[in-house]
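**Student:** Give me a 3D structure for the following:
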Amino acid sequence: MGRRERKKLLSRKAILDAAARAFSEKGFRETSVADIMNAADLGIGTFYNYFESKEEILMCLLGQLVQEARVEIDALRTKGSTASELLTTVCSMTARFLDENRFVLPLFLSGSEHSAMPEGIAPSRQLETPGFKSIFGQILRQGQETGEFRCDVPVDLLAEMFHSLYQAAAFSKLTFSFRENVALKTRILLDGIRAK
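**Tutor:** The predicted structure follows:
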């Protein structure tokens, strides 16, 4: 990779990192492109060489989570991890990311629901939202195929239940932290879907 390509990658990463910090501190709606670029120590015009909007950055950040989860799953699969172990790891990793980056939570939860999307993301962009339910679905399907999980409940319903853990934890009034809440709910769900 040449010097110019390295510089482009570093600038893009600086913008993403600065956006994540700014979104966490000020909130998604309150953060401007100027805020992001000031934090990245780059000119405002440079922003548009890499992204069309701050909504696109939000999509990229969620896409990074999906990619990290897929890499982790692949590594665990090569070690022979069970579907329960995969789900526990992915749920924990996702809870950590969402807890540290709360501004991503509405996008994560929305899937194809426009109503939950941050203001400004057009309905046509919904289809480009990185899917996370599919990760749950693949692991659950694997668990059903190996006899680890019950087969009397459709995979899509189970995937939806795992995906909704985060919403339930985000709105919980219990004294558990977000991560603890997700971990406990994950354990209970897993206990309920294991083949007896």
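
**Student:** Touching stretch 12-29 from outside, list them.
**Tutor:** With contacts defined as C-beta atoms under 8 Å, 6 or more residues apart in numbering, stretch 12-29 is touched by 31, 35-37, 39-42, 46-47, 50-51, 54, 57-58, 60-61, 64, 100-104, 106, 118-119. For the C-beta atoms, the positions are set from N, CA and C on the backbone; glycine is no exception.

**Student:** From the chain's centroid, how far away is that stretch?
**Tutor:** 15 Å (C-alpha atoms, centre = their mean, to the nearest Å).

**Student:** what is the mean pLDDT for that stretch?
**Tutor:** Across stretch 12-29, pLDDT averages out at 90.

**Student:** Give the next helix or strand downstream of the lowest-mean-pLDDT helix or strand in the chain.
**Tutor:** Counting by mean pLDDT, DSSP states H and E, the chain has its least confident helix or strand at helix 105-110, which shows a mean of 72. Counting by DSSP states H and E, the next helix or strand C-terminal to helix 105-110 is helix 133-145.

**Student:** Now do the same contact list for the closest residue to Leu65 other than its chain neighbours.
**Tutor:** Distance criterion C-beta to C-beta, 6 or more residues apart in numbering; nearest residue to Leu65, sequence neighbours excluded, is Phe97 at 5.0 Å. Contacts for Phe97 were tallied using C-beta under 8 Å, 6+ apart; they are 65, 68, 104.

**Student:** how about these in CSV, adding distance to Lys26 and neighbour count?
**Tutor:** Formatted as CSV, the contacts of Phe97 follow (distance: C-beta to C-beta, whole Å; neighbours: other C-beta atoms under 10 Å):
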residue, distance to Lys26, neighbour count
Leu65, 21, 20
Glu68, 25, 14
Val104, 14, 22
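
**Student:** which among those gets closest to Ser134?
**Tutor:** Using C-beta to C-beta, Leu65 comes nearest to Ser134 of the contacts of Phe97, at 13.2 Å.
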